[in-house]
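K.L.:
coords please:
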Amino acid sequence: MLAQIILELEGYTVEKTRHVLSVEGRPVAEIDVVAKKDGETYYVEVKSGKVSVTDVRQAYTNARLAGVKPLIVARGFSDDAARITAKELGVEVLLIPDYLHLISPEEILQIVEAAVHLTLEKLLPNPVNELSQEELQVVRAIALSNTFEEAANKLGIGTHELGRKVSELREKGAITSTSPYRLLRLQCKLLLLAQ
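P.N.:
Next up is the predicted model:
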């Protein structure tokens, strides 16, 4: 999430997150962020730690397969080999520590506010017409269960059937995220509050 905010502050427009890269109809990689800047599309890999040579090669290969530019957001380079490899392959790297030293406390507050906004936007249910009693039962079972299997058991159905019902709720716009389960459960709790 911080990476998305940094990208936006750097002038990139975040188009997608968790994009599946397919080659000849087969998934080969999941791209953390697809972003655009100055008419160019970037496949962005987000690393919580430091970038290794392997990370640089992965970002380069994924971007090359899609015909876009590679970009990495990370906390630094693991060693000089990673820095040199990024330079030689033309993989741009935005370093979070370098960026954070340049911002003021007011800008940090803006980043935190933006992160909260993005999180709420992702989790809060979309306005929907009234849910049926059956849909409310599904939402309630998920909200009150620690696992997907437990919710299915409470409803007296199999997990496959519950998955179908969750897909219907998603198509209706009542929920936006089905994974991980804790986010689905939180969305269901919020949806119950909104009813």
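K.L.:
going by C-alpha atoms from here, please, whenever you check contacts or count neighbours.
P.N.:
Noted.
K.L.:
okay, helices next: where are they in the chain?
P.N.:
In the chain, the segments counted as helices under DSSP state H are 2-9, 53-66, 80-89, 96-101, 105-123, 133-143, 148-155, 159-172, 181-194.
K.L.:
what about this structure, any weak spots by pLDDT?
P.N.:
For the chain, the stretches with pLDDT under 70 are 1, 97-105, 107-108, 120-129, 195.
K.L.:
quick one, domains of it?
P.N.:
2-123, 133-194 (automatic domain parsing).
K.L.:
what distance separates the start and the end of the last one?
P.N.:
The distance separating the two terminal residues of domain 133-194, taken as Cα to Cα, to the nearest Å, comes to 15 Å.
K.L.:
same question, stretch 42-55
P.N.:
By Cα to Cα, the extent of stretch 42-55 from end to end equals 16 Å.
K.L.:
same question, stretch 44-64
P.N.:
This stretch, stretch 44-64, spans 12 Å end to end (Cα to Cα).
K.L.:
ok, and what's touching it?
P.N.:
Stretch 44-64 is contacted from outside by 3, 21, 29, 31-35, 42-43, 69-79, 81-83, 85-86, 89, 91, using Cα atoms under 8 Å, 6 or more residues apart in numbering.
K.L.:
quick one: buried ones out of the residues you listed?
P.N.:
Neighbour counting with 16 or more other Cα atoms under 10 Å marks 3, 21, 31-35, 42-43, 69-77, 82-83, 85-86, 91 as buried within these.
K.L.:
most remote residue from this protein's center?
P.N.:
Relative to the centre of the chain, and counting by Cα atoms, centre = their mean, the farthest-placed residue is Gly156 at 32.2 Å.
K.L.:
how close does that one get to Leu184?
P.N.:
For Gly156, the distance to Leu184 (Cα to Cα) stands at 19 Å.
K.L.:
wait, Pro70 touches Glu92, no?
P.N.:
Yes - with contact defined as Cα atoms under 8 Å, Pro70 counts as touching Glu92 (6.5 Å).
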